[in-house]
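> Fold the following.
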Amino acid sequence: MQRLPIDNNQQLSTINEQLSFFPTFTGRNTQYKMKLRTLLLSISCTGLALSSAIAQNNTHLNYPKAHKANVVDNYFGAKVTDPYRWMENDTSKEVKQWVDAENKVTQDYLSQIPYRQAIHDRLTKIWNYARYSVPIHKGKHYFYYKNDGLQNQSVMYIQDRPNGKATVFFDPNNLSKDGTVSLGGTSFNKDGTKMGYAISRSGSDWQEIYVMDVNTGKRTSDSIRWAKFTDVAWQGDGFYYSRFDEPQTGTSGLTSQNVNQKIFFHKLGTPQTEDVKIFEDAARPKIGFGAQTTEDESYVLIYGTEGASSGNELYYRKASEPQAPFKKINDGFKYNFGVINNVGDKLLVVTDKGASKNKLILVDPLKPDEANWKTIIAETNETLQGVSQAYGKLFAHYMKDAVAHVYQYDINGKLDHEVVLPGLGNASGFEGLKNDKEIYYSYTSFTYPTTIFKYNISNGKSTVYIKPDVDINQDDYETKQVFYPSKDGTMIPMFIVSKKGLMPGPNNPTLLYAYGGFNISLFPDFSPARMILLEKGGIYAVANLRGGGEYGEDWHKAGMLEHKQLVFDDFIAAGEYLVQNQYTIPTKLAIMGRSNGGLLIGATMTQRPDLCKVAFPGVGVMDMLRYHKFTIGYAWASEYGSSDDSTQFKYLYKYSPLHNLKKENYPATMITTADHDDRVVPAHSFKFAATLQDKAVGDNPMLIRIDSKAGHGGGKPTTKQIDEWTDIWSFMFYNMDVKY
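Model prediction:
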């Protein structure tokens, strides 16, 4: 099976985050639990007067009235009130009325900002450039994605050879007028004649799977519903996929728990009702399961995960023995095992067992004990992120201090050489068929728009294949990496991006971004959105906190469960470093994070409201006592812990953003969420916003921006992205008294 990335030019941090909050499964191109992974200057008298006028009115913002219900939970003797529990009912008329009223307050506020349209216009101009994905070779054709610039969704093209005539193969923009139906992933069968693809509506994690005949370019009759967190794993005349039971009638399907995931086999040309269930574990309803087949389809592999931060169980069955039971290669969820491919009857596997920074081994399924493993690529001081293959070579993707390095090995693990990359950034791709002597990869950094390179495997040389034409001068900017001490003395890496020669000083508006969880690593990546900040002489900083994957599993574990406070300490120390070293001052500092990063911002706001002027908690996990009761939230207990446990309840309650709000002068805050977010349900943000508006004192606005027909972030159309970033920068500039 070979998969084509959705859009290689999306922010890598956003991609990683999108794939981090549910049990993910290992595929040939995503490999080994990689978690299938952001403006401003001088002030004129006019600008200051306008900002001051709004500031004086902030205390008079007419926030919607949210009634308080008498709901009290008893956690091991501790009584915890939850007055906005009613906001968890996503189909409630009262919730809809409150959402509409909140959006009106937010849009009325933003509409007063005089340069909002100017920001929107500049963003649109920067965004309007052609973006390409890495081409892949499958069967007789090459496939790639292209976005002309402002298309809501990237379009898939097909060509018979590199640089040959390309025609549109699949255009997701035809699926909906507003671009809110997106392509969720594609997968080709062995000979490249069929493509399975998934679509998502309004950003939901629920997917519908269809099949395209590559030769005719027409969709077949095959149709799958209620799939979620799944690959399409081809074998012969059909494919394996994972699904949940259909949600109960009368519910939206956007909040209820997703349990009892099963794997089915769908035979082409038959209705879904005839699909054969090939794997389930009814005794363990919260274990997630996913299927994979090797490239030659000789093995069927099943991955089982009990949590987004747990290891996985690995099962296998030979395709030649379809009636045989699946056999387990390893027990328990302590370690990760991800199959890259097979070498004859043996399996190439990346694992962290005995190697916290990962290694590549060869495993005989008939003799899976560790004593029989053969090490192909041993653990090094750098973190192995994954392995890809082409022309009989292995390409090991490493990370050193959050910067990508790629090394070429032969199939036996002998090092050929390091692939020379343009600088401090990130590279992806290096996939091909066994006879492909030339393959492709992408490279990007904070100031280097995603560029596609052709790579000659024989001589190790790279040449530019497609270079984007962006309306910026990338030579005007620079990236520095610093290491700063956290509260306990641990040194944390941070990227600082700005114009070349920018001097430290109090007039530098600065945005500090981080994530810090789920073994997710934040690489340097290009975003047209943040160029608004950099063009205005601002600073963009990214801190690589504990809890991420930058230094392997030990770094991850240092920021999870009872150690989660260390992640917040790391982030607070990053803000303090920027101030102490005079990059900026607190009144010109904004903080941002999404999802698990939204939790990070919520916790930072409640613990250090003096740290910054503006806060953007996006689609965040704000109620740490009830997160596990919705959709796939239970899978995060391996990362956070659960309030069902008396010991874990204590530390969760201590930092839970919702439960630590008090009468306080909080930073100007704009919470962002969406009505179709079924990953981190919007009730988290709703309850946090209502409580924040009730408790905050001072003049700063406490707003919530609730997007419609959007989800956790994946598949969001270009128009919605530009609109959201326009509001983010407008809000940030305005509350910093920065004139655009």
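> which stretch of helix or strand covers the closest residue to K480 other than its chain neighbours?
Spatial nearest neighbour of K480, excluding adjacent residues (C-beta to C-beta, 6 or more residues apart in numbering): I496 at 4.9 Å. Where C-beta positions appear, they are placed from N, C-alpha and C, glycine not excepted. I496 belongs to strand 491-499 when assigned by DSSP states H and E.
> cool, and V168?
Using DSSP H and E, V168 maps to strand 166-170.
> Tell me the buried residues in that strand?
A166, F169, F170 (16 or more other C-beta atoms under 10 Å).
> Show residues contacting that strand.
143-144, 155-159, 183, 195, 197, 212, 214, 217 (C-beta atoms under 8 Å, 6 or more residues apart in numbering).
> repeat that with 6 Å
With contact meaning C-beta atoms under 6 Å, 6 or more residues apart in numbering, strand 166-170 is reached by V155, M156, Y157, I158, Q159.
> ok, Y109 to P701 distance?
Distance from Y109 to P701, counting by C-beta to C-beta, to the nearest Å: 6 Å.
> the more surrounded of these two?
Neighbour totals were compared for Y109 and P701, and P701 leads with 24 against 20 (other C-beta atoms under 10 Å).
> Quick check, pLDDT for the more buried one.
On pLDDT, P701 comes in at 98.
> who are the neighbours in contact with D281?
I287.
> Give me the helices and strands touching the strand holding I496, please.
strand 477-485, strand 539-543 (3 or more C-beta pairs under 6 Å, 6 or more residues apart in numbering; DSSP states H and E).
> so which of the buried residues of strand 166-170 comes closest to Y132?
Using C-beta to C-beta, the shortest approach to Y132 within those belongs to A166, at 10.5 Å.
> so what's that closest one bridging to?
Q159 (DSSP bridges).
> so where is this protein shaky, pLDDT-wise?
Residue ranges of the chain with pLDDT under 70: 1-60, 250.
> how about the strands of the stretch 201-350 of the chain, start to end?
Using DSSP state E, counting those that start in this stretch, the strands of the stretch 201-350 of the chain run over 207-213, 218-227, 233-235, 238-243, 262-267, 276-279, 288-293, 299-305, 312-318, 327-328, 337-343, 346-351.
> of all those strands, which lies closest to I376?
strand 346-351 (6.8 Å).
> Export that closest one to PDB, keeping only CA atoms.
Below are the C-alpha coordinates for strand 346-351, written out as PDB (Å, rounded to 0.1, in the frame of the first residue of the first chain):
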ATOM      1  CA  LYS A 346      10.700 -11.100   7.900                       C
ATOM      2  CA  LEU A 347       9.500  -7.700   9.000                       C
ATOM      3  CA  LEU A 348      11.400  -4.400   9.200                       C
ATOM      4  CA  VAL A 349      10.200  -2.800  12.400                       C
ATOM      5  CA  VAL A 350      10.900   0.500  14.200                       C
ATOM      6  CA  THR A 351      10.700   0.100  17.900                       C
END
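> Give me the contact list for it.
Residues from elsewhere that reach strand 346-351 (C-beta under 6 Å, 6+ apart): 32, 337-341, 358, 360-364, 387.
> Which pair of those residues spans the longest distance?
Longest distance between any two of these is 20.2 Å, between N358 and D364; criterion C-beta to C-beta.
> Which of these two has more residues huddled nearby?
Under the neighbour definition other C-beta under 10 Å, N358 and D364 were set side by side, and N358 has more, 27 against 15.
> There's contact between that one and L384 in this structure, I believe.
Yes: N358 is in contact with L384 according to C-beta atoms under 6 Å; the separation is 3.9 Å.
> If you tally nearby residues, what's the number for P506?
Around P506 there are 12 other residues, counting by other C-beta under 10 Å.
> try the one 4 residues further on
Residues lying near T510 (other C-beta under 10 Å) number 26.
> my guess is Y409 contacts L394, does it?
Yes: using C-beta under 6 Å, Y409 is in contact with L394, at 4.3 Å.
> Counting neighbours, go ahead and name the busier of the two.
L394 (25 against 18).
> mind listing what the more buried one touches?
Taking C-beta under 6 Å, 6+ apart as the test, what L394 contacts is V387, Y409.
> what about the host helix or strand of it, distance to the chain center?
In this assignment (DSSP H and E), L394 forms part of strand 393-400. Centroid separation between strand 393-400 and its chain, computed with C-alpha atoms, centre = their mean, to the nearest Å, is 21 Å.
> which stretches of this protein form helices?
12-18, 45-58, 93-111, 116-127, 531-535, 553-557, 564-580, 596-607, 637-640, 646-655, 683-695, 718-735 (DSSP state H).
> Out of these, flag the one nearest N258.
Checking these against N258 by C-beta to C-beta gives helix 637-640 as the closest, at 14.1 Å.
> Can I get the closest one in PDB? Just the C-alpha atoms.
This file holds the C-alpha atoms of helix 637-640, laid out as PDB (Å, rounded to 0.1, in the frame of the first residue of the first chain):
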ATOM      1  CA  ALA A 637      -5.700   9.100  29.800                       C
ATOM      2  CA  SER A 638      -2.300   7.400  29.000                       C
ATOM      3  CA  GLU A 639      -0.900  11.000  28.500                       C
ATOM      4  CA  TYR A 640      -2.800  12.900  31.200                       C
END
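> any idea how far that helix is from the chain center?
17 Å.
> Leaving out chain neighbours, which residue sits closest to Y651?
Counting by C-beta to C-beta, 6+ apart, Y651 lies nearest to E562, which is 5.4 Å off, once chain neighbours are set aside.
> Touching, the one you found and F649? I think so.
No: counting by C-beta under 6 Å, E562 sits too far from F649 to count as a contact (11.5 Å).
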